[in-house]
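Asker: coordinates only, sequence not included:
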């Protein structure tokens, strides 16, 4: 067996360029490229290797380390975890900027490979610029902060360690049950050190994503449980997308007459107008889905983390007969809410469970006309919200209605603020993957960077980042990257003068509102209670070189959308919306604890209301 003398960084890139995954007989090149910002921790290691020997790997220059990693996460999510980008940074602050995005990936079960530079393994420049010195443990660097947010973490202190480390990294990145952020810390001196690597390390490697079947015993237990139930409900999570189990989901629902509800990650797995699609579930759910959840005696979950939003902080399912069945490739997730576990690929599990229930001649007791009535009632409510008019200005739901009519088949990207609630409840998705919501971590700043990543994954589709002014101010730097790469991203900026989602949450729980609106400091009160801070976001976007439009009416919005659609480069539409005009809850609740002691009567009353809901929550 021959050897190749390469630096560790050169070997790393050559290895990554030869990684493939195969699903259902179709092969995908797994690592598309590297996104990076260079500093003294990586510029002469990975940077030189990318300059001289990138192979087929594409390099994209980020503008903010968190932003570029969000873009990589969004790319992998849109590609159903079949392709990824790696992300490289310098040491110190550059590396730490990726920690938030690493958590975003891990919480959402999305693969991303992080390659932060690290301090000198030789310890001769001591301390090097940007080094954090820990007096009790000199092996610690800031990169240890990645440990709790990574699914796999390693530090390469000798060039030959790369071989075993990367095999483990690929194991985690390609495992649908274990995937998330993988962090490989690269001391800057070790990146440049050479080693005689065996040629076999660089052979083409195919990682087979074999669909995990359910055990027959698990299928029998689940089928036996469901066959005793009258009014089950089916919850579609993100695992339906990653399994490409759209047909299996639809066929299961239709075969047994079971209504379907969607999580944020599962939305668009089934068209909004399918007769059995009752819409979003939980704290941001529809009236139809939440009423069905309340009376459900069986909750069949497919590929969901079962977070507190779809379960309405465990208050959504109040029937004393309710039992849970969970099809999930991850045993960790399948075990939640004391579920009957079917640890399997979503598509395979649904198919096997369909056969088992058909053998029992099972049919739910749901009444078709009653389901149609519920769905029609909710459709009318969405139409009402989409058509709201006000002499004072544009309501947020009115804007979303116009946007929905204009881009039903395009891809929208969102993550935080009041938009996820409205979009989950109201948005009408017609095709799979047209709704891209990061709501596992609900990370402000994901939206624009995420839209850039989605557009890389879907170059033939128009992609729209729906973002509030608060999130835009946090992170908009990858607009410049979209210009640099010639990748069109459309930013829809809803300006409601602050963090209005949390402002509403405050007021719903006894507060008068504090610290969440973008107001000038008042000399009279000494607080932020003056006029709204005036900001021209369209002008700000134009300063970065993109076409920008402003809209204060429906007609102006329609014209702006038309013009933005004709542009070949990135665009931004700034829309002034009335604060507090998002949709409310529909027979649901979300737990945010209210102070037990307060001088405010309103706060004390809110605490009593909270206590009543807590009593009703499942104690699991």
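Answerer: Arrived safely. In this text the structure is predicted, and so the values were computed from the model without any measurement.

Asker: how many neighbours does residue 56 have?
Answerer: Residue 56 has 10 neighbours, counted by other C-beta atoms under 10 Å. In this view, the C-beta of every residue, glycine as well, is placed from N, C-alpha and C.

Asker: the nearest residue to it once chain neighbours are set aside - how many residues pack around it?
Answerer: Here the nearest residue to residue 56 in space, its sequence neighbours aside, is residue 17; by C-beta to C-beta, 6 or more residues apart in numbering that works out to 5.8 Å. Neighbour count of residue 17, defined by other C-beta under 10 Å: 18.

Asker: check residue 578 too.
Answerer: Using other C-beta under 10 Å, the number of residues around residue 578 comes to 18.

Asker: now it: closest residue in space that isn't a chain neighbour?
Answerer: In space, residue 578 is closest to residue 393, 4.8 Å off (C-beta to C-beta, 6+ apart).

Asker: got the contact list for the one you found?
Answerer: Under the criterion of C-beta atoms under 8 Å, 6 or more residues apart in numbering, the contact list for residue 393 reads 552, 576, 577, 578.

Asker: mind splitting the chain into its structural domains?
Answerer: Split into domains by automatic domain parsing, the chain comes to 3-208, 216-374, 390-497+533-576.

Asker: okay if I get those domains as CSV plus distance to residue 509?
Answerer: Below are the domains of the chain laid out as CSV (distance: least, C-beta to C-beta, whole Å):
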stretch, distance to residue 509
domain 3-208, 25
domain 216-374, 14
domain 390-497+533-576, 16
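
Asker: who wins for proximity to residue 593 among the ones you listed?
Answerer: Checking those against residue 593 by C-beta to C-beta gives domain 216-374 as the closest, at 10.5 Å.

Asker: so which of the domains of the chain gets nearest residue 611?
Answerer: Checked against C-beta to C-beta, the stretch from those lying closest is domain 216-374, at 12.7 Å.

Asker: center of the protein, which residue is that?
Answerer: Of all residues in the chain, the one closest to the mean position by C-alpha atoms, centre = their mean is residue 438, 2.3 Å from it.

Asker: ok, it touching residue 108?
Answerer: Yes. Using C-beta atoms under 8 Å, residue 438 makes contact with residue 108 at a distance of 6.5 Å.

Asker: mutual contacts of these two, please.
Answerer: 73, 77.

Asker: of the contacts of residue 393, buried ones?
Answerer: 576, 577, 578 (16 or more other C-beta atoms under 10 Å).

Asker: picking that back up, doesn't residue 57 make contact with the residue nearest to residue 56?
Answerer: Yes. Between residue 17 and residue 57 there is a contact under C-beta under 8 Å: 5.5 Å.

Asker: about what we covered before: torsion angles phi and psi at the residue nearest to residue 56?
Answerer: Backbone torsions of residue 17, given as degrees, to the nearest 10, read phi -70, psi -10.

Asker: any idea how far residue 202 is from residue 163?
Answerer: In this view, residue 202 and residue 163 are 10 Å apart by C-beta to C-beta, to the nearest Å.

Asker: just so I know, which of the domains of the chain lies nearest residue 510?
Answerer: domain 216-374 (18.1 Å).

Asker: gap between the closest one and the chain center?
Answerer: Centroid displacement of domain 216-374 relative to its chain, using C-alpha atoms, centre = their mean, to the nearest Å, is 21 Å.

Asker: residue 346: what's it in contact with?
Answerer: Residue 346 neighbours (C-beta under 8 Å, 6+ apart): 239, 240, 242, 243, 245, 248, 249, 302, 303, 327, 328, 329.

Asker: count of neighbours near the third one?
Answerer: In other words, residue 242. Using other C-beta under 10 Å, residue 242 has 25 other residues around it.

Asker: nearest residue to it other than its sequence neighbours?
Answerer: residue 80 (5.2 Å).

Asker: so that neighbour touches residue 240, yeah?
Answerer: No. If you go by C-beta under 8 Å, residue 80 and residue 240 don't touch, sitting 10.5 Å apart.

Asker: the more surrounded of these two?
Answerer: Taking other C-beta under 10 Å, residue 80 and residue 240 do not tie; residue 240 has more neighbours (29 against 18).

Asker: the more buried one contacts residue 247, correct?
Answerer: No. Applying C-beta under 8 Å as the test, residue 240 and residue 247 come out as separate, 10.4 Å apart.

Asker: same question for the worst-scoring helix or strand of the chain on mean pLDDT: list its buried residues.
Answerer: Sorting the helices and strands of the chain by mean pLDDT, DSSP states H and E puts helix 500-508 at the bottom, at a mean of 87. By neighbour count on 16+ other C-beta under 10 Å, the buried set for helix 500-508 is 500, 501, 502, 503, 504, 506, 507.

Asker: how about stretch 194-208?
Answerer: Quick answer for stretch 194-208 (16+ other C-beta under 10 Å): 195, 197, 201, 202, 205, 207.

Asker: tabulate those residues (TSV), appending secondary structure.
Answerer: Shown next, in TSV, are the buried residues of stretch 194-208 (DSSP: H, G, I helix; E, B strand; the rest coil):
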residue	secondary structure
195	strand
197	strand
201	helix
202	helix
205	strand
207	strand
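
Asker: reformat those residues as TSV; add distance to residue 33 and pLDDT.
Answerer: Compiled in TSV, the buried residues of stretch 194-208 are given as follows (distance: C-beta to C-beta, whole Å; pLDDT from 0 to 100):
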residue	distance to residue 33	pLDDT
195	24	98
197	22	98
201	20	97
202	18	98
205	18	98
207	18	98
